[in-house]
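> Here you go, sequence then predicted model.
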Amino acid sequence: MRRYRLLMYLLVELLTVNLFMGSSASGYVEHDKKSTQVDSASVAYTQAVKQLTDVMVNDVVGPCAATRYYTYAQLAAYECMYHLQNPAKYVSFAGRLTSYPTIKPATSSSHIDVELSCVYALLRVGESMLPSGYQLESVRQKLVEKARLQRHLSPELLTNSQAFAESIVKQIVQYAASDGYVKTSGYPRYTPESKPGFWQSTPPAYAEAYEAHWATLRTFLLDSAAQFRPVSPVAYSEQPNSAFYGLAKEVVDTVRLLTPEQRHIADFWDCNPFFLNQKGHMSFGTKKISPGGHWMGITSLVSLQQHLPLAETIRWHTLVALTMSDAMSSCWQEKYASNRVRPETYINQVVDRTWRPVLQTPPFPEYTSGHSVLSNAVAVVLSSLAGEAIPYTDTTEEEFGVPARSYHSFREAAQEAAISRLYGGIHFRDSIENGMRQGEMIGYYIVGKLNGTRRDASVHK
């Protein structure tokens with residue numbers, strides 16, 4: 001694993017140095033000199049991101065769809081920031097993202113409040129695209145009222161700032177409408193294979209396969225969802241001396257011998273948007289955050305911890321959102337290509353029919369682990385943005401009753417998120433480890449491709 005990571009690090013260094021030889025050596029994502037105080041505009045922005053997350057939790061938005069909503073909302077805010085605050089410092093995503101248009105605001109950039117415009121745009125995209133986006137209307141109205149009463153913006157400035165944001169939001173929503181998502185609702189319903197080794201729906205809900213056609217959506221930075229296919233999974237077998245049986249036995253033994261610390265890790269990274277509880281003859285659901293929502297929370301937390309100005313706070317969130325979207329596209333491409341059985345199904349059929357996992361098995365194929373792919377891709381990008389050794393305490397799950405956990409780096413957190421799926425009994429080890437490599441490759445590729453989102457930047461710190 002160490003040799004692999006060293007090779008990938010050297011590869012991205014060579015790639016990005018060749019692409020941007022003339023840029024400053026100050027660091028790929030070197031941000032403005034850190035302030036000693038938290039920026040109030042950044043606080044307002046991260047609060048709006050959290051409000052976006054809250055609506056997604058309410059709507060039980062799944063892991064793939066959540067990354068899509070985050071990305072378009074962040075792009076709208078980024079475009080406002082790009083046109084208003086630092087047009088000479090930041091660059092447009094036109095020509096960098098697949099089929100991305102040159103965004104042209106319909107109004108002049110003079111007499112516009114940057115904070116109001118950016119936060120307003122983020123909320124408006126959520127309002128336009130989320131099933132319960134109407135819940136953000138009152139949040140947006142309070143934002144405008146606060147700008148009027150507390151920041152004393154004039155009526156003209158309020159009107160101009162909203163109109164500026166609206167013109168950008170309209171173009172972002174049009175871009176979103178062409179990504180292929182709407183078409184997926186017209187595709188044939190996915191029918192699970194009945195052969196041994198293939199995915200089958202799992203208890204307690206026996207839900208149908210989630211987003212079986214997600215890989216058909218347009219990617220943002222990857223050439224296609226199939227660009228970073230992992231190595232093939234361990235071959236299926238029911239023989240007790242086989243490698244596959246060994247993977248299953250490891251899951252059984254891990255769950256049986258789980259320590260309190262490992263149980264905490266499993267619960268902390270569960271990130272199951274809808275958990276079905278059963279008590280006797282009664283069933284009720286529990287809504288929780290998605291994996292993307294968890295990493296958005298981490299991005300917000302560290303942005304404030306680093307005292308970033310608004311422009312950098314927006315840029316960090318946007319790069320993370322883009323990374324999450326492409327990571328999930330890549331992962332879902334493999335999930336429905338390999339279509340591998342979940343541990344719960346295999347163990348109940350072959351090893352022990354009474355066995356149950358710690359976490360509820362999600363309704364989609366096993367290989368590769370979505371947490372492993374997404375978390376490690378994001379960790380590479382965040383490490384490039386902030387640095388390799390950034391300690392932080394993650395309080396994201398506290399509102400769902402799970403105590404906080406502390407980390408020395410994003411990579412440490414990503415590795416823990418990956419292994420949590422073994423502790424939870426819902427993934428085999430090869431799915432976790434190969435998913436981690438898949439995510440890292442995506443992350444390094446994105447770092448290289450997005451190098452230069454600031455005009456004064458090179459690759460890595």
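Received, thanks. Numbering: from 1, shown residues only.
> can we go C-alpha only for contacts and neighbour counts from here?
Will do.
> quick one: Y45 and V119 touch, right?
Yes - Y45 is within contact range of V119, at 5.7 Å (criterion: C-alpha atoms under 8 Å).
> Strands along the protein, start to end?
All strands of the chain, identified by DSSP state E, fall at 274-279, 282-287, 392-394, 405-407.
> show me where the stretch 251-400 of the chain has helices.
Using DSSP state H, counting those that start in this stretch, the helices of the stretch 251-400 of the chain run over residues 260-268, 291-305, 310-338, 343-346, 370-386.
> Just the C-alphas of the last one, formatted as PDB.
Backbone C-alpha positions of helix 370-386 (Å, rounded to 0.1, in the frame of the first residue of the first chain) are rendered in PDB as follows:
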ATOM      1  CA  GLY A 370     -18.800   3.500  -2.000                       C
ATOM      2  CA  HIS A 371     -17.400   4.900   1.300                       C
ATOM      3  CA  SER A 372     -13.900   3.700   0.400                       C
ATOM      4  CA  VAL A 373     -14.000   5.300  -3.100                       C
ATOM      5  CA  LEU A 374     -15.700   8.600  -2.100                       C
ATOM      6  CA  SER A 375     -13.800   9.200   1.100                       C
ATOM      7  CA  ASN A 376     -10.300   8.500  -0.300                       C
ATOM      8  CA  ALA A 377     -10.900  10.600  -3.400                       C
ATOM      9  CA  VAL A 378     -12.000  13.500  -1.200                       C
ATOM     10  CA  ALA A 379      -9.100  13.000   1.200                       C
ATOM     11  CA  VAL A 380      -6.600  13.400  -1.600                       C
ATOM     12  CA  VAL A 381      -8.200  16.700  -2.700                       C
ATOM     13  CA  LEU A 382      -8.700  18.100   0.800                       C
ATOM     14  CA  SER A 383      -5.100  17.200   1.600                       C
ATOM     15  CA  SER A 384      -4.000  19.100  -1.500                       C
ATOM     16  CA  LEU A 385      -6.100  22.000  -0.400                       C
ATOM     17  CA  ALA A 386      -5.200  22.200   3.300                       C
END
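> ok, the closest residue to V125 other than its chain neighbours to L422 distance?
Counting by C-alpha to C-alpha, 6 or more residues apart in numbering, V125 lies nearest to A73, which is 5.2 Å off, once chain neighbours are set aside. Note on A73: its distance to L422, by C-alpha to C-alpha, to the nearest Å, is 33 Å.
> More neighbours: which of these two?
A73 (29 against 26; other C-alpha atoms under 10 Å).
> what number of residues lie near A414?
Neighbour tally, A414, other C-alpha under 10 Å: 26.
> Ignore what I typed, I meant V119.
Neighbours of V119 (other C-alpha under 10 Å): 30.
> likewise S329?
What S329 shows, counting by other C-alpha under 10 Å, is a neighbour count of 28.
> Go ahead and confirm it touches H213.
No - using C-alpha under 8 Å, S329 makes no contact with H213, being 9.8 Å away.
> how about S303, what does it touch?
T313, W316 (C-alpha atoms under 8 Å, 6 or more residues apart in numbering).
> Could you check how far it is from T53?
17 Å.
> before we move on, what about P240?
P240 is 45 Å from T53, by C-alpha to C-alpha.
> for R229, same thing?
When R229 is compared with T53 (using C-alpha to C-alpha), they lie 30 Å apart.
> more neighbours, the two?
Using other C-alpha under 10 Å, the more surrounded residue of R229 and T53 is T53, with 24 against 17.
> Please report the distance of that one from T46.
10 Å.
> Grab the nearest non-local neighbour of P240.
Counting by C-alpha to C-alpha, 6+ apart, the residue nearest P240 is G246, at 7.4 Å.
> does the one you found really touch S237, like I thought?
No - at 9.8 Å, G246 does not count as touching S237 under the criterion of C-alpha under 8 Å.
> Find the residues that touch each one of the two.
Joint contacts of G246 and S237 (C-alpha under 8 Å, 6+ apart) do not exist.
> Quick check, T71 in contact with A321.
Yes - counting by C-alpha under 8 Å, T71 does reach A321; the two are 4.8 Å apart.
> which one of the two has more residues nearby?
The residue with more neighbours, out of T71 and A321 and counting by other C-alpha under 10 Å, is A321; that gives 28 against 24.
> Next up, the contacts around the more buried one.
Contacts of A321 (C-alpha under 8 Å, 6+ apart): T67, R68, Y70, T71, Q74, G292, M296.
> and if we set it to 6 Å?
Residues near A321 by C-alpha atoms under 6 Å, 6 or more residues apart in numbering: Y70, T71.
> again with S138
Going by C-alpha under 6 Å, 6+ apart, S138 touches no other residue.
> Does the residue nearest to V125 touch L123 like I think?
No - when contacts are counted by C-alpha atoms under 6 Å, A73 is not listed as touching L123 (7.2 Å).
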